[in-house]
Every structure is written in C-alpha cells, then in structure tokens.
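> give me the fold of what follows.
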Amino acid sequence: MTLNYRSLPAQLPNPNALGAIVALHGWGANCDDLISLAPLVGLRNYQWICPEAPFNHPMPNGKMWYDLQSLDTEGLAHSCELLSQFLEDLPAMTGIPLEKTFLLGFSQGGAMTLDVGLVFPLAGLIALSGYLHITEEQLQEIAHESLPPILIAHGTQDTVVPIGIARNTREMFDRLGVTVAYEEYEMSHEIRPETCDRIQAFILEHQAK
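Residues are numbered from 1 along each chain as shown. Prediction:
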C-alpha cells in the first residue's frame, strides 16, 4: 500500500524546482487541503507534494493518519511506516533530493512531521499546531544525530491542541540541546497569512545553496 498524493505543479519529476515541500494534512482533511498554502507561502520555484493519510475519517472525503478517539497506536505505527516509505521513494518521483525537501504538517500532520521527519536528512521540518508522540527518552536517542532544522508555530488560543503542548515540545528540545525556531500567534487552530510568511522565511533560510 502506498500513499495517494496531490502535487503542484502536477507534472513529475520537476527539473525546474529548487526544492520540494511535502505537506501533511490534519485529522479529517485530505490531500487537497494544504495545496491551498502554496500561493500563500509564495515560493513558486518549489514543488509541492501533499500525501493523503491512509485511513478513512467519518467526514465526507476525510482521511486520518490514525484514530484520535481510540488512541490507535497500531494505526499510528502503520502511517509512520507508510510515510517513511513515501519519503524514501520521493527523490525518484520528484527528481529532488531529500536534502532539498521540507516536511510540513498541520495538527495531526504536524505530529507526523515530528514523529517521522527527525530521522531523515531533510532540509527542514515545519510543525504547525502539532505535537510530539515520542517521549523525551526516545527523542534523546536520536538527538545526538544531525537533526534537520525545525520550525514550530502555534496559536495561543488553540483549543484543539493547547499552546502548552507546543511550549512543552520546545522545552523538551531545549533540554536536549536542540535549537528550534519557535513562533506563537494570536490565533486558534488554524494557519494565517503571517504563519505562511514565517514558513517562507524559514525555507529561504535553510534551502540548500
């Protein structure tokens, strides 16, 4: 089983792209959801790839990486395995190396970004309104490796994934000596234009020369 995806531009491989942005949707959305970020982030010379989670959600056309309501650890493990395989296959599909690829996720997709992306040689990780599943002990095991640059952005009025979770995640990275770019915005569980501006700046700062 492989992950369905949507790409922008649609034609792959893309020999004209400076890099790639892999965008992981949240719980109940699908691969069409984060394509709308592309014009807001504004990096026209980047290839966007939006994979779709493997499990059906009760929402019409909705998908999920795992069932939040049943604490589905088996589903989470399966999705992590599928996403890892997707990333391994990505350079052959896009013509773009992982070192020029950013992994971005919103909410449940932000959790997947941090769960899976830390062990790949990616250009950077961007977790929007996300959270960590792995424990501090598990994180410590990989923290001595060369981790990708990380951006965490979160809304102070988020009632779905409270801001305290993002602050705890930042503190966990801090304790392990891992520097992360961290931003808080006066917003709820959403992505606003100022967040997209910060994403653009982060990508431009860390894109491969």
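
> select the longest helix from the chain.
When the chain is parsed with DSSP state H, its longest helix is helix 73-94.

> tell me which residues in it are buried?
75-76, 78-80, 82-83, 86-87, 90-91, 93-94 (16 or more other CB atoms under 10 Å). The C-beta positions use only the backbone N, C-alpha and C, and glycine is treated the same way.

> same question, stretch 5-17
Tyr5, Arg6, Ser7, Leu8, Leu12, Asn14, Ala17.

> so Leu151 touches Ala123, yeah?
No: at 11.4 Å, Leu151 does not count as touching Ala123 under the criterion of CB atoms under 8 Å.

> hang on, the earlier thing: how far off centre is the longest helix of the chain?
12 Å (CA atoms, centre = their mean, to the nearest Å).

> packing partners for it?
In terms of contacts (3 or more CB pairs under 8 Å, 6 or more residues apart in numbering; DSSP states H and E), helix 73-94 is packed against strand 19-24, strand 46-51, strand 101-106, helix 108-117.

> give me the neighbour count for the closest residue to Asp89 other than its chain neighbours.
Excluding the flanking residues, the one nearest Asp89 by CB to CB, 6 or more residues apart in numbering is Thr2, at 7.8 Å. As a burial measure, Thr2 scores 10 neighbours (other CB atoms under 10 Å).
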